[in-house]
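Engineer: next one to model:
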Amino acid sequence: MYHIEDICVLESISLHIALEKIDKSGRHILLVVDDKRRLLGTITDGDIRRSILKGSNLDQSIDSIYNKNPKYCYEGGGRQAALKIMREKGIDQIPIVNAEKVVVAVESFNANLQGVKINNPVIIMAGGLGTRLKSITQHIPKALTPIGSKPILEIIINRLVSDGFSNFYISVNYKSEMIVDYFKDGSAFNANIQYLYEDKPLGTAGALSSLDADAIEFPCLVMNCDILTTINFPDLLEFHCNKGASLTVATRSIRHDVPYGVIETVKGKISTLKEKPSYKYEINAGIYIVNKEAVKLVLKDAFFDMTDLIQKALEKEMHLLAYPINSYWIDIGEMKTLERARIDYETLNL
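Structural biologist: Model (predicted):
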């Protein structure tokens, strides 16, 4: 995978160095930043070629050449928002910045650009019974639940492939033959898919024990098959790597409004009264980045949920981090949220 630092440069560098960096990254673009990595502009290989044709020499600084009025998106807007701007402006790539205009990522129409291919495997847990969707899952596995014209698992795989991932493991149990028959080896989806067969339900992490931990590239991305989201997966992976975490849990902020006055007591005595308070929580979003040392904590051939793995990693005092999702996210595990997701998929062009 690429690191954002590889394509960030200061405006003082020469055209020669800029060309070398573009060639090495394969991105066709560099982001010009200040010493705090705040976006100043962009320069492409096309900009440099045109400048040379006009008489510039390779020792010259890019200062007078780069685009000082670049298009950009703020993080949290989701990939679709970035794609919309790229279509409207006729550009192939767009920087993503935070509220302080610090560069955090680059979105591209073509995530399979040289240097953007991500070899880290993706493990998708699709072996569950989907009991809360019984009217649907009595006929098909939850992973094949349709959202629009496609099964939820196909939408997940397509989004990950567009983000540069290509190596997939899908854990299967209930109605496994239907999933395998639909996706086969993944070649029709520009992916390489292997299957982790469960002889019995193993929970949301149990299938990890059947991976050959010494043969795959870590860290790996693990997620449930019932999540519809526009999260920036490469950014999640980069966050995990840059922070040196053993396990990163993607989280979603939810708010719970209490429609009553809440009384707090100490030994029967009223200490405070909060009128219709609102509480904010960070919930487990069902998406994880996991290192080898964490995967090795999963019990072999036993029912083991991701919550068990998180608890065990905490007991081992491993480095665990939370990555807040600020873009679209919904769990389609029950009929109410499934219907909401179907509406959102069509109206929000997810």
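
Engineer: what sits up against the helix or strand where Leu39 lies?
Structural biologist: Assigned by DSSP states H and E, Leu39 belongs to strand 39-44. With Cβ atoms under 8 Å, 6 or more residues apart in numbering as the test, strand 39-44 has contacts from 9, 11, 18, 22, 28-34, 62, 65-70, 72, 95, 97, 101-103. (Each C-beta comes from the backbone N, C-alpha and C, glycine too.)

Engineer: past that strand, which element shows up next along the chain?
Structural biologist: Of the helices and strands lying after strand 39-44 in sequence (DSSP H and E), the nearest is helix 45-53.

Engineer: sheet partners, orientation included, of the helix or strand following that following helix?
Structural biologist: Reading on from helix 45-53 to the C-terminus, the next helix or strand found by DSSP H and E is strand 73-74. In the sheet, strand 73-74 lines up against strand 93-97 (parallel) (DSSP bridges).

Engineer: could you pull up the mean pLDDT of the partner strand?
Structural biologist: Strand 93-97 carries an average pLDDT of 92.

Engineer: quick one, that strand and strand 39-44 angle?
Structural biologist: Counting by axes from the mean of the first three to the mean of the last three Cα atoms, to 10 degrees, strand 93-97 lies at 160 degrees to strand 39-44.

Engineer: pLDDT score assigned to the closest residue to Lys142 other than its chain neighbours?
Structural biologist: Excluding the flanking residues, the one nearest Lys142 by Cβ to Cβ, 6 or more residues apart in numbering is Gly130, at 3.2 Å. If you check Gly130, the pLDDT there is 84.

Engineer: next, count neighbours for Gly130.
Structural biologist: Using other Cβ atoms under 10 Å, Gly130 is surrounded by 23 other residues.

Engineer: over to Lys150?
Structural biologist: Lys150 has 14 neighbouring residues, counting by other Cβ under 10 Å.

Engineer: same question, Gly268
Structural biologist: By other Cβ under 10 Å, 5 other residues sit near Gly268.

Engineer: cool, and the one 5 residues further on?
Structural biologist: Per other Cβ under 10 Å, the neighbour tally for Leu273 reads 10.

Engineer: partner residues bridging it?
Structural biologist: Assigned bridge partners for Leu273, using DSSP bridges, are Ile263.

Engineer: still on that earlier bit, quick check: mean pLDDT of the strand holding Leu39?
Structural biologist: 95.

Engineer: same check on stretch 256-269?
Structural biologist: 93.

Engineer: what about it, start to end distance?
Structural biologist: Length of stretch 256-269, first residue to last, Cα to Cα, to the nearest Å: 26 Å.

Engineer: repeat that for stretch 183-194.
Structural biologist: 10 Å.
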